[in-house]
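Trainee: here is the input, now give the coordinates:
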Amino acid sequence: MTAKGRNFAFAAVIALASLVARPAAAQESGIEVGTVAPDAAVETLDGKAASLRSLVGEKPVLIEFWATWCGVCKELEPAIEAAQAKYGNRVNFVGVAVSANQSAERVRRYTALHLKGFTHFYDRRGNAVEAYDVPATSYIVILGRDGKVAYSGLGAKQAIDAALAKVLE
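Mentor: Below is the predicted model of the structure:
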């Protein structure tokens, strides 16, 4: 694991530990609401180069930074799946699997059963984590059609439905 990966893993453990004590609210940390979403080089789950920015523009985008080992991410799944069922094709749902303590193969196996209908990426080098200032896994960023950050939040209890309704107005 690279130094960047170890640092992210350590930060994720600390951030996740703090979530046990209280649910997080939107915009406590991470990329600032109102800023233009940065591009980040990621990979498809079959190892092809991809760009997060390529999904911006036609419709709003929900991006979840997650990991197969993240318990908080698993708690968040029903809310994300409910939002996906409600908003269907009006929103791009994107999962960015962080590389800390997991492989692209492990992510492929997990996504074969969970988070179906998402566009999935693997952040092997931490480019997206760095560009979006991701504080920990279970971090969600919602982008409007204009490519600006409309919402960011962390933890199992987030205002996903309200944030998506607002960007779809």
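Trainee: which of the helices or strands spans the spatially most central residue of the chain?
Mentor: Relative to the mean C-alpha position of the chain, the nearest C-alpha, by CA atoms, centre = their mean, is the one of residue 64, at 1.7 Å. In the assignment (DSSP states H and E), residue 64 maps to strand 61-66.
Trainee: residues in contact with that strand?
Mentor: The list of residues contacting strand 61-66 from outside it, by CB atoms under 8 Å, 6 or more residues apart in numbering, reads 37, 52, 55, 73, 76, 80, 83, 91-98, 123, 128-129, 132, 134, 137-143, 160, 164. Yep, even glycine has a C-beta here, placed from its N, CA and C like the rest.
Trainee: tell me the helix or strand right after that strand.
Mentor: According to DSSP H and E, the helix or strand after strand 61-66 is helix 71-87.
Trainee: which neighbouring elements make contact with that following helix?
Mentor: Contacts defined by 3 or more CB pairs under 8 Å, 6 or more residues apart in numbering; DSSP states H and E place helix 71-87 against helix 3-21, strand 61-66, strand 92-98, helix 160-167.
Trainee: got the angle between that helix and strand 92-98?
Mentor: 170 degrees (axes from the mean of the first three to the mean of the last three CA atoms, to 10 degrees).
Trainee: what comes up buried for helix 71-87?
Mentor: 72, 73, 76, 79, 80, 81, 83, 84, 87 (16 or more other CB atoms under 10 Å).
Trainee: any idea how far stretch 149-159 is from the chain center?
Mentor: Taking the mean of its C-alpha atoms, stretch 149-159 sits 10 Å from the chain's own mean (CA atoms, centre = their mean, to the nearest Å).
Trainee: please apply the same query to stretch 110-123.
Mentor: With CA atoms, centre = their mean, you get 11 Å for stretch 110-123.
Trainee: just the endpoints, please. Distance across that stretch?
Mentor: End-to-end distance for stretch 110-123, by CA to CA, to the nearest Å: 15 Å.
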